[in-house]
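Asks: Got a predicted model here, sequence first, then my questions.
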Amino acid sequence: MTRKVAALLILLVLVFQALPAQVDRTTMPGPGPAPAVAFPAYEKHVTPNGIRVIIVRNTELPTIDIQLLIDRKAILEGDTAGYVDIAGQMLRTGTATKTKDQLDDAIDLIGASIRSSGTNVFASGLSGYTEALMALTADIVLHPSFPKEELQKLVTQTVSGLKYRKTDPEMIVEVVRDRILYGEKHPYGEVATEETAARVTREKCLELYTTYFRPNGAILAIVGDVNADTAMALVNKYFGGWQQGPIPAPAFEPPKGLDGLQVALVDRPGAPQSVIRVAGTVKLPRTSPDVIPSMVMNTVLGGGSAFRLFSNLREKHAYTYGAYSSIGADELIGSFSVKTSAKSSVTDSALNEILTEIRRIRDEKVSDKELQMAKNYLSGAFVRSLENASSVASNAIDIERYKLPAAYYQNYLKNIDTVTADDVQRTARVYLAPDKMLIALVGPASEIKSRLGKFGAVAMVDEEGKPIVVPSAALTMKPDEVLSRFIEKTGGKATWAALKDRTMEFSGKMQNFVMKIKNVQKAPNKLYTEMEVTGMFKQQMAFDGKKAWMVSPQGSGEITGEQLEGIKQQAVMNFYAAYKKMGFSATISGMKTIKGKDCYELTFTRGKGDVIRHYFAADDFLKLREVKLITTPQGSVEQITDFADYKEFKGLLLPTKYEQNAMGQVVELTLEVCTINAGVKDDVFKKPASK
């Protein structure tokens with residue numbers, strides 16, 4: 001008998017032996033046993049100047065991870081909110097001996113990466129370059145230069161990001177949640193704004209560094225292919241000169257908590273869905289024995305797609321694409337939060353189901369199957385996290401930072417496995433108060449506000465979580481009164497009526513690209529726009545009163561559909577005199593503070609499609625902002641255009657500074673030339689035969 005035949009016979013025997021025990025695929029298999037794994041052993045040392053060093057040796061890969069934590073209390077940043085994050089990023093922008101470019105080159109040369117924040121410095125690379133990486137990390141931590149030119153770049157980027165935050169419902173709802181839950185006088189409820197970030201100075205960054213970056217407040221974790229003796233020798237060599245100093249420990253009053261269900265709504269007219277958070281604070285310090293049981297409880301409730309919130313809101317009711325919950329332990333104050341987005345028409349129904357599930361996990365014990373699934377999910381996530389050196393470093397730092405038992409993570413899986421159904425119900429009853437939570441939403445108030453009243457009084461707030469107060473004047477003012485005041489302020493009805501044509505030339509930039517834009521209008525509704533970027537990219541678009549065309553590097557053709565409707569709106573010389581003929585209706589939808597000024601919010605709507613919001617200052621009636629929804633491949637997003645620096649051109653008062661923000665991209669434009677009633681010919685708007 002040949003070897004191949006023998007092997008075949010053995011295979012057949014094994015197959016037939018397996019046949020009687022075939023898997024029944026008609027039922028879902030039960031949860032298997034939790035995985036077993038050991039958290040790696042570590043050594044703890046303290047340097048002469050007080051750095052607490054944790055070393056985890058791992059020789060599986062030739063890599064090294066260094067994580068430095070400044071173990072300090074939270075900081076209330078006041079009128080320069082945002083400076084802690086900016087100062088943290090500034091560490092990485094240059095040292096006493098290296099510019100940012102030189103620092104980048106030195107890091108790239110050894111194939112490493114280093115990033116910094118207001119409390120951490122993270123470095124990773126190949127273990128063969130451990131000393132070089134340690135030297136660079138120490139240079140960044142001990143000798144930052146805080147160059148002014150780099151600060152200006154970071155401030156500009158931060159302000160740009162904060163502008164974008166106002167357009168992103170997911171970011172807005174988090175700001176509202178934090179501000180109302182914690183209060184603006186608590187560091188967790190403090191909100192950085194464009195104005196506070198713009199006030200950040202080099203001196204403020206230095207203040208953070210000199211006050212808090214001390215070796216006696218530092219924890220340094222080193223994970224990778226390095227032995228303890230070598231690691232400690234390098235730490236002492238490169239961090240040994242770091243001088244100790246006192247570190248302040250500010251104290252804060254804990255948030256008062258909510259007396260009942262509280263509803264806060266940010267209006268987004270025309271939004272197809274509501275972005276939702278249901279949240280509350282929890283007194284759950286990191287050292288509490290309830291941390292692991294509460295994690296199991298939260299996993300059953302909303303830890304992922306296999307658990308209750310997801311199954312209810314998506315699988316059962318099809319209200320949303322997903323629903324999740326989280327619970328976080330914290331020495332100051334922790335939090336619980338449910339996050340989801342639901343179609344506007346079922347916003348209240350989705351909230352009902354969320355609160356039902358929160359009450360159910362308090363009132364009923366979980367099944368053995370659900371409990372085991374949650375344990376396995378958490379155990380698996382922990383096992384996977386140990387494959388990441390930075391996660392191992394973070395866990396090791398937690399042991400030291402929160403004075404956890406030395407074997408906390410060695411016993412982690414065992415402690416998860418010992419959680420019972422009674423523990424789940426108990427922690428749900430202790431930490432979840434469904435009748436004393438905040439419901440924060442971003443959605444279309446006209447569609448959902450009346451239905452939210454069943455949960456509590458609905459407070460209208462802005463994108464920064466501040467209450468929107470509508471003065472009595474706004475309640476009596478009519479939309480056309482506001483528009484008439486604007487027209488009078490900017491030249492008067494006769495001057496606007498006499499406007500036959502207008503040509504405006506803009507210069508500006510987007511990121512590092514220089515832009516030139518020419519905009520030509522002719523009454524009653526002709527438009528030509530030409531845009532050139534850095535002398536390379538050129539696009540032309542025109543509307544002759546009936547048809548629109550466009551020419552760009554991607555090709556040319558006629559414009560139709562929704563894009564054509566948008567161009568028609570832009571082409572009208574005076575939208576406010578023509579909006580009713582165009583099928584729009586206008587309402588005063590509230591008041592809002594923009595750049596320190598109270599503004600009337602006018603919402604223009606047409607059918608089920610167009611929604612535009614314009615903001616006019618209550619003191620002088622100049623328009624300060626325009627917001628409209630635009631359609632992108634990623635869905636509907638808001639495009640915000642701010643107007644400033646009004647100047648007179650032949651009797652018309654026009655803004656000369658324009659700032660447009662959409663999807664995180666900021667375009668700044670300056671009106672350089674404006675000619676009025678110069679006799680523009682109709683040929684300007686006709687599509688050339690060759691195009």
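Replies: Cool, got the structure.

Asks: Now do the strands for the stretch 401-550 of the chain: every range, in order, please.
Replies: Here the stretch 401-550 of the chain has its strands, by DSSP state E, counting those that start in this stretch, at 438-443, 458-460, 501-510, 513-522, 526-533, 537-543, 548-552.

Asks: Which of those strands sits closest to Thr210?
Replies: Ranking the strands of the stretch 401-550 of the chain by proximity to Thr210 (CB to CB) places strand 501-510 first, at 35.4 Å. Any C-beta I mention is one placed from the backbone N, CA and C, and that applies to glycine too.

Asks: Now that closest one: average pLDDT?
Replies: Averaging pLDDT along strand 501-510 gives 91.

Asks: Now do that strand and strand 526-533, the angle between them.
Replies: Strand 501-510 runs at 20 degrees relative to strand 526-533, counting by axes from the mean of the first three to the mean of the last three CA atoms, to 10 degrees.

Asks: Mind listing what's buried along strand 501-510?
Replies: Asp501, Arg502, Thr503, Met504, Glu505, Phe506, Gly508 (16 or more other CB atoms under 10 Å).

Asks: Looking at those residues, spot the one nearest Ile75.
Replies: Each of the buried residues of strand 501-510 was scored against Ile75 by CB to CB, and Gly508 proved nearest at 36.4 Å.

Asks: For the nearest residue to the closest one once chain neighbours are set aside, what is the enclosing helix or strand?
Replies: Here the nearest residue to Gly508 in space, its sequence neighbours aside, is Leu669; by CB to CB, 6 or more residues apart in numbering that works out to 3.7 Å. Per DSSP states H and E, Leu669 falls inside strand 665-676.

Asks: And that strand, what does it pack against?
Replies: The contact analysis (3 or more CB pairs under 8 Å, 6 or more residues apart in numbering; DSSP states H and E) places strand 665-676 against helix 148-165, strand 501-510, strand 513-522, strand 635-649, strand 652-662.

Asks: Now find how far off-centre it is within its chain.
Replies: 30 Å (CA atoms, centre = their mean, to the nearest Å).

Asks: List the buried residues of it.
Replies: Within strand 665-676, the residues scored as buried using 16+ other CB under 10 Å are Val666, Val667, Glu668, Leu669, Leu671, Cys674, Ile676.

Asks: what about the stretch 351-500 of the chain, any weak spots by pLDDT?
Replies: Within the stretch 351-500 of the chain, the stretches with pLDDT under 70 are 470-475.

Asks: Where do the helices of it begin and end?
Replies: Using DSSP state H, counting those that start in this stretch, the helices of the stretch 351-500 of the chain run over residues 368-385, 389-401, 412-417, 421-431, 445-452, 472-476, 479-489, 493-497.

Asks: what about the helices in the stretch 101-250 of the chain?
Replies: For the stretch 101-250 of the chain, the helices defined by DSSP H, counting those that start in this stretch cover 130-142, 148-165, 169-182, 194-198, 202-212, 228-239.

Asks: Can you tell me which helices and strands the fourth one packs against?
Replies: When you say that, I think you mean helix 194-198. Other helices and strands packing on helix 194-198, by 3+ CB pairs under 8 Å, 6+ apart, are helix 148-165.

Asks: ok and the helix it packs on relative to strand 652-662, angle-wise?
Replies: Using the same axes, to 10 degrees: helix 148-165 against strand 652-662 is 90 degrees.

Asks: Dump the C-alpha coordinates for helix 148-165 into PDB.
Replies: Output of helix 148-165 as PDB, limited to C-alpha atoms (Å, rounded to 0.1, in the frame of the first residue of the first chain):
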ATOM      1  CA  LYS A 148       5.900  81.600  17.800                       C
ATOM      2  CA  GLU A 149       5.500  80.800  14.200                       C
ATOM      3  CA  GLU A 150       4.400  77.300  15.000                       C
ATOM      4  CA  LEU A 151       2.100  78.500  17.600                       C
ATOM      5  CA  GLN A 152       0.300  80.700  15.100                       C
ATOM      6  CA  LYS A 153      -0.200  77.700  12.800                       C
ATOM      7  CA  LEU A 154      -1.600  75.600  15.600                       C
ATOM      8  CA  VAL A 155      -4.000  78.400  16.700                       C
ATOM      9  CA  THR A 156      -5.200  78.800  13.100                       C
ATOM     10  CA  GLN A 157      -5.700  75.000  12.800                       C
ATOM     11  CA  THR A 158      -7.500  74.900  16.100                       C
ATOM     12  CA  VAL A 159      -9.800  77.800  15.200                       C
ATOM     13  CA  SER A 160     -10.500  76.200  11.900                       C
ATOM     14  CA  GLY A 161     -11.400  72.900  13.700                       C
ATOM     15  CA  LEU A 162     -13.700  74.800  16.100                       C
ATOM     16  CA  LYS A 163     -15.500  76.400  13.200                       C
ATOM     17  CA  TYR A 164     -16.000  73.000  11.600                       C
ATOM     18  CA  ARG A 165     -17.300  71.700  14.900                       C
END
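
Asks: Name the residues of it that are buried.
Replies: Those would be Glu150, Leu151, Leu154, Val155, Thr158, Val159, Ser160, Gly161, Leu162, Lys163, Tyr164, Arg165, for helix 148-165 by 16+ other CB under 10 Å.

Asks: Indicate each strand paired with the strand holding Leu669 and its parallel or antiparallel sense.
Replies: Strand partners for strand 665-676, identified by DSSP bridges, are recorded as strand 501-510 (antiparallel), strand 652-662 (antiparallel).

Asks: Val291: neighbour count?
Replies: Val291 has 20 neighbours, counted by other CB atoms under 10 Å.

Asks: Might one say that it is in contact with Leu284?
Replies: Yes: using CB atoms under 8 Å, Val291 makes contact with Leu284 at a distance of 6.7 Å.

Asks: Between the two, which contacts overlap?
Replies: Residues touching both Val291 and Leu284 (CB atoms under 8 Å, 6 or more residues apart in numbering): Ala329.

Asks: picking that back up, now tabulate the helices of the stretch 351-500 of the chain in a markdown table and tack on mean neighbour count and distance to Ile107.
Replies: As requested, those are exported to a markdown table (neighbours: other CB atoms under 10 Å; distance: least, CB to CB, whole Å):
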| stretch | mean neighbour count | distance to Ile107 |
| --- | --- | --- |
| helix 368-385 | 18 | 26 |
| helix 389-401 | 20 | 17 |
| helix 412-417 | 18 | 34 |
| helix 421-431 | 19 | 43 |
| helix 445-452 | 18 | 49 |
| helix 472-476 | 11 | 55 |
| helix 479-489 | 17 | 54 |
| helix 493-497 | 14 | 58 |
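
Asks: can you list those in JSON lines and add distance to Gly334?
Replies: Conversion of the helices of the stretch 351-500 of the chain to JSON lines gives the following (distance: least, CB to CB, whole Å):
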{"stretch": "helix 368-385", "distance to Gly334": "17"}
{"stretch": "helix 389-401", "distance to Gly334": "15"}
{"stretch": "helix 412-417", "distance to Gly334": "19"}
{"stretch": "helix 421-431", "distance to Gly334": "8"}
{"stretch": "helix 445-452", "distance to Gly334": "26"}
{"stretch": "helix 472-476", "distance to Gly334": "39"}
{"stretch": "helix 479-489", "distance to Gly334": "46"}
{"stretch": "helix 493-497", "distance to Gly334": "57"}
